[in-house]
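Fold the stuff below for me.
(one chain, ligands or ions: 2)
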Amino acid sequence: RGRTLSFNRAPESINDSAAYAYESDGALLVENGVIKACGPYATVNTAAPEGVEEIDHRPHLIVPGFIDTHLHFPQMQVMASYAANLLEWLNTYTFPEECRFVETAHAERIARHFFDEMVRHGTTTATAYCSVHKASVDAFFAESLRRGTCMVAGKVMMDRNAPQGLLDTPEMSYDETRAVIADWHGRGRNHVAITPRFAITSTPEQMEAAKSLVREFPDLHVQTHLSENRDEIAFTCELYPEAKDYTDVYARYGLLGRKSLFGHCIHLSEREADAMSETGSVAVFCPTSNLFLGSGLFPLHDLTRRAKPVRVAVASDIGGGTSYSMLKTLDEAYKVVQLQGERLNPFDSFYMMTRGNAEALSLENRIGTLEPGSDADLTVLDMAATPAMALRAEVVNSLADELFLLQTMGDDRSIVETYVAGKPAKSTLDIA
Ligand code: GUN
Ligand code: FE
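Residues are numbered from 1 along each chain as shown. Ligands and ions are numbered 1, 2, ... in the order given. Presented below is the predicted three-dimensional model:
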């Protein structure tokens, strides 16, 4: 029981109240990890079976669990590394750190911490890069299975321009990705993504291997990085001189499509944006990372409001990103949009971190919503979680202002509880 909020589509403006459902005295009926009913408390209570346990979260706000569509679980110990730009950051800090995931015990330890942080921050689904080592993927999915979470993740394919300890070969990356699919795809709520890191770290032969995997497994997600940094773009074009541009490198290997997620997409040309749009590919906005690495300002509205709109999602990009919190991530997204003379309204932000990201993953029938029949992944929010927030909350008198307060001043302290498949996951963290 609590106030409930969920979206049925993207809001067109701050006044578009038809885009969401809000109940000031609402409730959800959950059975076997699935939402059975959602609506006014009185109605849901009448439908509830005798003796059902009631958890009272009033006056807090219950929303679908947050979804983070791009992050790197082996980079938890890379966060806050002092680098001038993307390529320096990768070579100096990130690649050496990812080498440690050759050790199974290390991967398992970091996976436990990773799932703890997700739950602490109200994130119930993430789309993750593991490392090049299959053991890192096994550790990630095993932990996800234990926690009952819906996760999308993949073995990173990379066979050049990185330290020896992080390189596979085209054959290894193909065989191990197939093994990961056989071992984990569809087990529990786990989904495998085909994950070539980016064009710089894959030879054309490895891109061919990725192409074969996408052909053989057309329903799987694909994730990679695209157009993040000017030097990265120039180096990519040198490595693939036959391609028209960076996006065309991926297009040539059949990697564009409705299940494909491209991290960053900051500096796309009109031609590239058209190609993204025509294939239904998703551009993933990673505001804290883009600011931290000095990569640039994601042109959110240029991409979504053009004649051929590009599908977008939003993500933390841990460890280039600087916060696990989707609230903090959207706080930075708001500022990035402000700097471009536009506005990002709080309903749009909350849509993006819930249903919008679910739609970007083609998982909106299962997550990102409070619709009966979907999985009971929930986040409970407190707009007065800190003294400073409580003071501001005293004068907040609209749902829009409450969401904006949560986004602007909130973090993990605003997460009262996180439910994964109907089970309280945050309050039980120490015994998990
Ligand atoms: N491009 C290739 N690998 C990475 C990575 O790990 N993080 C970011 N932000 N960009 C990348
Ligand atoms: Fe990334």
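
switch to C-alpha atoms for all contacts and neighbour counts from now on
OK.

Look up phi and psi at the residue in the stretch 301-432 of the chain positioned nearest to ligand 1.
Here the stretch 301-432 of the chain gets closest to ligand 1 at one residue, Gly320, 4.9 Å apart by C-alpha to the nearest ligand atom. Here is the backbone geometry of Gly320 (degrees, to the nearest 10): phi -70, psi -30.

Tell me who's in contact with it.
Val78, Met79, Ala80, Thr288, Ser289, Asn290, Phe292, Leu293 (C-alpha atoms under 8 Å, 6 or more residues apart in numbering).

for Thr247, same thing?
So Thr247 contacts Leu226, Ser227, Glu272, Ala275 (C-alpha under 8 Å, 6+ apart).

Likewise for Ala393?
Counting by C-alpha under 8 Å, 6+ apart, Ala393 touches Met383, Ala384, Glu402, Leu405.

Among those residues, which are located in strands?
Among those, no member falls in strands (DSSP state E).

which one of those has the most neighbours?
Ranked by neighbour count (other C-alpha atoms under 10 Å), the contacts of Ala393 have Met383 at the top, with 27 neighbours.

among the contacts of Thr247, which ones are buried?
Leu226, Ser227, Glu272, Ala275 (16 or more other C-alpha atoms under 10 Å).

Tabulate those residues (a markdown table), appending distance to ligand 1 and secondary structure.
Listed next are the buried ones among the contacts of Thr247 as a markdown table, based on distance: C-alpha to the nearest ligand atom, whole Å; DSSP: H, G, I helix; E, B strand; the rest coil:
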| residue | distance to ligand 1 | secondary structure |
| --- | --- | --- |
| Leu226 | 8 | strand |
| Ser227 | 9 | coil |
| Glu272 | 18 | helix |
| Ala275 | 20 | helix |
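
how about a markdown table for these, with pLDDT added?
Output for the buried ones among the contacts of Thr247, formatted as a markdown table (pLDDT from 0 to 100):
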| residue | pLDDT |
| --- | --- |
| Leu226 | 98 |
| Ser227 | 98 |
| Glu272 | 99 |
| Ala275 | 98 |
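
Spell out which residues of the protein are next to ligand 1.
Arg197, Phe198, His225, Gly320 (C-alpha under 6 Å from any ligand atom).

helix or strand for the third one, which one?
This means His225. In this assignment (DSSP states H and E), His225 forms part of strand 221-226.

by contact count, what packs against the longest strand seen in the chain?
For the chain, the longest strand by residue count, based on DSSP E, is strand 20-31. Using 3 or more C-alpha pairs under 8 Å, 6 or more residues apart in numbering; DSSP states H and E as the contact test, the elements touching strand 20-31 are strand 2-7, strand 34-40, helix 41-47.

What angle do strand 2-7 and that strand make with each other?
Counting by axes from the mean of the first three to the mean of the last three C-alpha atoms, to 10 degrees, strand 20-31 lies at 120 degrees to strand 2-7.

Now the nearest residue to Ile415 once chain neighbours are set aside. Its backbone dihedrals?
Setting aside the residues directly before and after it, Ile415 is nearest to Leu381 in space (C-alpha to C-alpha, 6 or more residues apart in numbering), at 5.0 Å. The phi/psi pair for Leu381 (degrees, to the nearest 10) reads phi -110, psi 140.

now swap in Arg9 and tell me
The phi/psi pair for Arg9 (degrees, to the nearest 10) is phi -170, psi 180.

tell me the contacts of it?
So Arg9 contacts Ala19, Tyr20, Tyr351, Arg355, Gly356 (C-alpha under 8 Å, 6+ apart).

Near Arg355, how many residues? Count them for me, please.
Neighbour count of Arg355, defined by other C-alpha under 10 Å: 27.

Not counting sequence-adjacent ones, nearest residue to it?
Gly368 (4.2 Å).

What pLDDT is listed against that neighbour?
On the pLDDT scale, Gly368 is placed at 98.

buried stuff in the helix or strand harbouring Phe141?
Phe141 is part of helix 134-147 when elements are defined by DSSP H and E. Under the neighbour-count criterion of 16+ other C-alpha under 10 Å, helix 134-147 has 134-145, 147 buried.

what packs against it?
By 3+ C-alpha pairs under 8 Å, 6+ apart, helix 134-147 packs against helix 104-120, strand 150-154, helix 170-184, strand 189-196.

Would you mind putting those into TSV with mean neighbour count and mean pLDDT alongside?
Formatted as TSV, the helices and strands packed on helix 134-147 follow (neighbours: other C-alpha atoms under 10 Å; pLDDT from 0 to 100):
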stretch	mean neighbour count	mean pLDDT
helix 104-120	19	98
strand 150-154	26	99
helix 170-184	18	98
strand 189-196	25	99
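
To His70, which of those lies closest?
Taking C-alpha to C-alpha, strand 150-154 is the member of the helices and strands packed on helix 134-147 nearest to His70, at 9.5 Å.

Pull the residues that contact the helix or strand just after the closest one.
Tracing the chain C-terminally past strand 150-154 and defining elements by DSSP H and E, one meets strand 156-157 next. Strand 156-157 is contacted from outside by Tyr129, Cys130, Ser131, Val132, His133, Asp168, Ser173, Thr195, Pro196, Arg197, Ser202, Gln206, using C-alpha under 8 Å, 6+ apart.

if we can go back for a sec, of the contacts of Arg9, just say which sits nearest to Leu255.
The nearest member of the contacts of Arg9 to Leu255, counting by C-alpha to C-alpha, is Gly356 at 21.8 Å.
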